[in-house]
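Trainee: Sequence and predicted structure below; questions after.
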Amino acid sequence: MKIFAADIGGTKIKYCISDELGHFETFQEMDSESQNGGQAILKKVEDVIAMYSGIDAICISTAGQVDSETGCIIYANDNIPNYTGTRIKDILEGKFHVPVTVENDVNAAALGESYFGSGTIYSNFIFLTFGTGIGGGIVYDAKLNRGTNGIAGEFGHMIIHPDGISCKCGNAGCYECYASTTALIKEAEKVDPECSDGRILFEKIHNKNQRLIEVFDSWTKEVALGIVNLIHIFNPEAVIIGGGIMEQDLAVRKVSDKVHGLIIESFSDVKIVKSSLGNKAGLYGAIASRTLP
Ligand SMILES: [Zn+2]
């Protein structure tokens, strides 16, 4: 079977041709140019699909809240203007006459880990991705738990510090205001304005910059606080953590140590594991979502 899969984000669109077992034939990335809006993004995807012949199925992972039954975007924020309401499934099926599945990108990444990545050996796990914000997915009994409206797993908006930093969701003190990569870089820049991205920060940490080590250490504690709450609620076998920053073994190790220092002892079997699919998890999950009931 020849599958076209795309992972649509606010910055990049990743896409591949694959079989149903996740063997990629091609893998490409292009800029989303999301300022042009949701319709223009979908047109870009359509143009790419049209370049390939003999496609049997189209699998889409995308930013925004998704109704995966209708394949429609329920809500998307300003990262992709005018994307809310886009009927991706109807549009692509009408044009290409093959089955189309649509899944939220973080849910897709959790599914990808479950079928093809670090999650294959676990039936119950929590997936979190750390970047500009914090997204999450819940895999329970080897199935994705989407919640009532398909939008479960908004871990970034757990309120960790009441009356804390204002969040774009309208509340204050949300987890992602303290534990996202953006939050880490913001704190690091206060100490050293050169630390404008994770790569520079980790170079300086490896060179034993003591003040930045302290910033990093308190960030890992913030990351751990949210994870500990989730472990106490869900009692998972594992917590899989992804996002560019977690490519650093030091980050995963520190977070794991902090988590194990905070959790109630009866939960201490839980494993903190790095995502093994990296930025391709969404594509793998889009492919996996095709086989879901
Ligand atoms: Zn929030």
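Mentor: Yep, that arrived.
Trainee: For the rest of this, base every contact and every neighbour count on C-alpha atoms.
Mentor: Noted.
Trainee: Break down the chain into its helices, ranges please.
Mentor: Taking DSSP state H, the helices of the chain run over residues 38-49, 88-96, 105-116, 175-179, 181-191, 198-206, 210-234, 249-262, 281-289.
Trainee: Export only the CA atoms of the last one, formatted as CSV.
Mentor: Read that as helix 281-289. This file holds the C-alpha atoms of helix 281-289, laid out as CSV (Å, rounded to 0.1, in the frame of the first residue of the first chain):
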residue,chain,number,x,y,z
ALA,A,281,6.5,10.9,15.4
GLY,A,282,3.5,12.8,13.9
LEU,A,283,4.0,11.3,10.5
TYR,A,284,4.2,7.8,12.0
GLY,A,285,1.1,8.4,14.0
ALA,A,286,-0.8,9.7,11.0
ILE,A,287,0.0,6.4,9.3
ALA,A,288,-1.0,4.4,12.4
SER,A,289,-4.3,6.3,12.7
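Trainee: I'd like the distance from it to the chain centre, please.
Mentor: Centroid displacement of helix 281-289 relative to its chain, using Cα atoms, centre = their mean, to the nearest Å, is 12 Å.
Trainee: about what we covered before: can you redo the helices of the chain as a markdown table with distance to Phe125, mean pLDDT and mean neighbour count?
Mentor: Formatted as a markdown table, the entries for those read as follows, by distance: least, Cα to Cα, whole Å; pLDDT from 0 to 100; neighbours: other Cα atoms under 10 Å:
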| stretch | distance to Phe125 | mean pLDDT | mean neighbour count |
| --- | --- | --- | --- |
| helix 38-49 | 32 | 97 | 17 |
| helix 88-96 | 29 | 98 | 17 |
| helix 105-116 | 9 | 95 | 28 |
| helix 175-179 | 19 | 97 | 26 |
| helix 181-191 | 22 | 96 | 19 |
| helix 198-206 | 27 | 94 | 16 |
| helix 210-234 | 8 | 98 | 18 |
| helix 249-262 | 15 | 97 | 18 |
| helix 281-289 | 15 | 95 | 29 |
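Trainee: would CSV of these with distance to Pro81 be doable?
Mentor: Below are the helices of the chain laid out as CSV (distance: least, Cα to Cα, whole Å):
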stretch, distance to Pro81
helix 38-49, 6
helix 88-96, 15
helix 105-116, 17
helix 175-179, 22
helix 181-191, 22
helix 198-206, 28
helix 210-234, 30
helix 249-262, 33
helix 281-289, 21
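Trainee: Of those, which is nearest the ion?
Mentor: Among those, the nearest to the ion by Cα to the ion is helix 175-179 (7.0 Å).
Trainee: near the ion, which residues of the protein?
Mentor: His157, Cys167, Cys169, Cys174 (Cα under 5 Å from the ion).
Trainee: Could you check how far Tyr178 is from Ile134?
Mentor: Distance, Tyr178 to Ile134, by Cα to Cα, to the nearest Å: 10 Å.
Trainee: what do you get for Glu46?
Mentor: Relative to Ile134, and taking Cα to Cα, Glu46 is found at 29 Å.
Trainee: In the stretch 51-200 of the chain, where is pLDDT below threshold?
Mentor: Across the stretch 51-200 of the chain, nothing is flagged by pLDDT under 70.
Trainee: could you show me where the strands are in it, in order?
Mentor: Listed in chain order, the strands of the stretch 51-200 of the chain (DSSP state E, counting those that start in this stretch) span 57-62, 65-67, 72-75, 100-104, 125-130, 134-140, 143-144.
Trainee: Format the ones you listed as CSV; extra columns: mean neighbour count.
Mentor: Shown next, in CSV, are the strands of the stretch 51-200 of the chain (neighbours: other Cα atoms under 10 Å):
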stretch, mean neighbour count
strand 57-62, 26
strand 65-67, 23
strand 72-75, 20
strand 100-104, 27
strand 125-130, 26
strand 134-140, 23
strand 143-144, 18
